[in-house]
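Q: Kindly generate the corresponding structure for this input.
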Amino acid sequence: MTTRVFSGVQPTGNLHLGNYLGAIVNFVKLQADHECLYCVVDLHAITVPVAVWGGPNELRRATREVTAAFIASGIDPKQHIIFNQSQVAGHAELTWVLNCVARLGWLNRMTQFKEKAGKDRENASVGLYDYPVLMASDILVYRATHVPVGEDQKQHLELSRDIAQKFNNDFSESIAANGHGDTFFPLPEPVITGPATRVMSLRDGTKKMSKSDPSDYSRINLTDDADAIAQKIRKAKTDPEPLPSEEKGLENRPEADNLVGIYAALSGKPKSALLAEFGGAQFSSFKSNLVDLAVAKLSPIAREMKRLTDDPAHVDQILIEGAERASVIASETMDAVKDIVGFIRGR
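A: Okay, the predicted model is just below:
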């Protein structure tokens, strides 16, 4: 059986090194052994106030930027499917059916809604509350078998599995009668691609790198040129001690640990090998090496992203073609779901 991977990235501006090392690098690796759908989840983006997602022009710009980042990083839009969520009606259509399967108590346990809505929960959108059901539909409308997820999305993937299981149970007789055997939806598995690279702020090693940090020096944006990358790494916060020669020495030194972790992720070498090489050295020489590595790895991505985003019609065409291919799979699922549930449809 083909393993089908689905993953989505929100178009919410400034993609940075954390997005690249935490997610996109793994997307590129998964291409070799799986059939992959990589989605720019624009329906998810509008679940927060317009002032947060930036309005129509910003949504279009950010959607194209994420698409360009996928391609510039090495995802092949001919071999795999790159598209934006809103072009495939099955995502929203299946969400309604799954809203009627999911239970209120399940959604009430979702911690991410509580974090995002904050104290003003009554004022949050219904979309933000229902976000996990749309995420389940994103995965299940392609009957995807595997989903690469970060720590913050594990609970949502569990919910997707619960919804799939309940649908399979609730409609088991109809699923069998329509020729689908015992189950219709597979229970999607998380893709574990080794230890996730958690990239922290260059100004404070205890906080995650974030696009919302007021200081641009806290992050390396994927659109940064070689000079900007070099300057940000040289100015990155460190402590006065030399680098340790083993990993234990990084404990309670968050900035040192972050820079060594970034070097390890970009070079593909374990931290222990880097510390054997640089242990006892001052940060200035380590940073010079990290600058060379980061510029070599990241500036070609920035250049290619710029080339792609300078031609929005070309990027839009990639999304349109991807959406057409995705729609073929989603329509098959939706036709089957309608027959299973009992909706009358044209043939």
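Q: Pull the contacting residues for Arg325.
A: Going by CB atoms under 8 Å, 6 or more residues apart in numbering, Arg325 touches Ile81, Phe83. Placement of C-beta: from N, CA and C, glycine included.
Q: That one and Leu94: what is the separation?
A: Arg325 sits at a distance of 18 Å from Leu94 (criterion: CB to CB, to the nearest Å).
Q: can you give me the helices in the stretch 101-250 of the chain?
A: Along the stretch 101-250 of the chain, counting by DSSP state H, counting those that start in this stretch, helices occupy 104-108, 111-117, 126-140, 154-170, 172-177, 226-234.
Q: Just say which of these is most tucked in.
A: Among these, ranked by average contacts under mean count of other CB atoms under 10 Å, first place goes to helix 126-140 (a mean of 22).
Q: by contact count, what packs against it?
A: strand 4-9, helix 42-45, helix 90-99, helix 104-108, helix 111-117, helix 154-170 (3 or more CB pairs under 8 Å, 6 or more residues apart in numbering; DSSP states H and E).
Q: Mind telling me which of those the model trusts least?
A: Of all the helices and strands packed on helix 126-140, mean pLDDT reaches its minimum on helix 111-117 (a mean of 79).
Q: for it, the distance to its chain's centre please.
A: Relative to its parent chain, helix 111-117 has a centroid offset of 18 Å by CA atoms, centre = their mean, to the nearest Å.
Q: likewise stretch 41-59?
A: Chain-centre distance of stretch 41-59: 16 Å, with CA atoms, centre = their mean.
Q: swap in stretch 174-184?
A: 32 Å.
Q: Quick check: end-to-end length of that stretch?
A: The first and final residues of stretch 174-184 sit 10 Å from each other (CA to CA, to the nearest Å).
Q: And the contacts of that stretch?
A: Here stretch 174-184 has contacts from Phe167, Asn168, Phe171, Ser172, Ala336, Val337, Asp339, Ile340, Val341, Gly342, using CB under 8 Å, 6+ apart.
Q: what's the least confident helix or strand in the chain, going by average pLDDT?
A: Within the chain, confidence by mean pLDDT, DSSP states H and E is lowest for helix 111-117 among all helices and strands, at a mean of 79.
Q: and that helix, what does it pack onto?
A: Counting by 3+ CB pairs under 8 Å, 6+ apart, helix 111-117 packs on helix 126-140, helix 154-170.
Q: and for that helix, what are the contacting residues?
A: Residues from elsewhere that reach helix 111-117, judged by CB under 8 Å, 6+ apart: Val48, Leu107, Arg121, Asn123, Ala124, Leu128, Tyr129, Tyr131, Pro132, Asp152, Gln155, His156.
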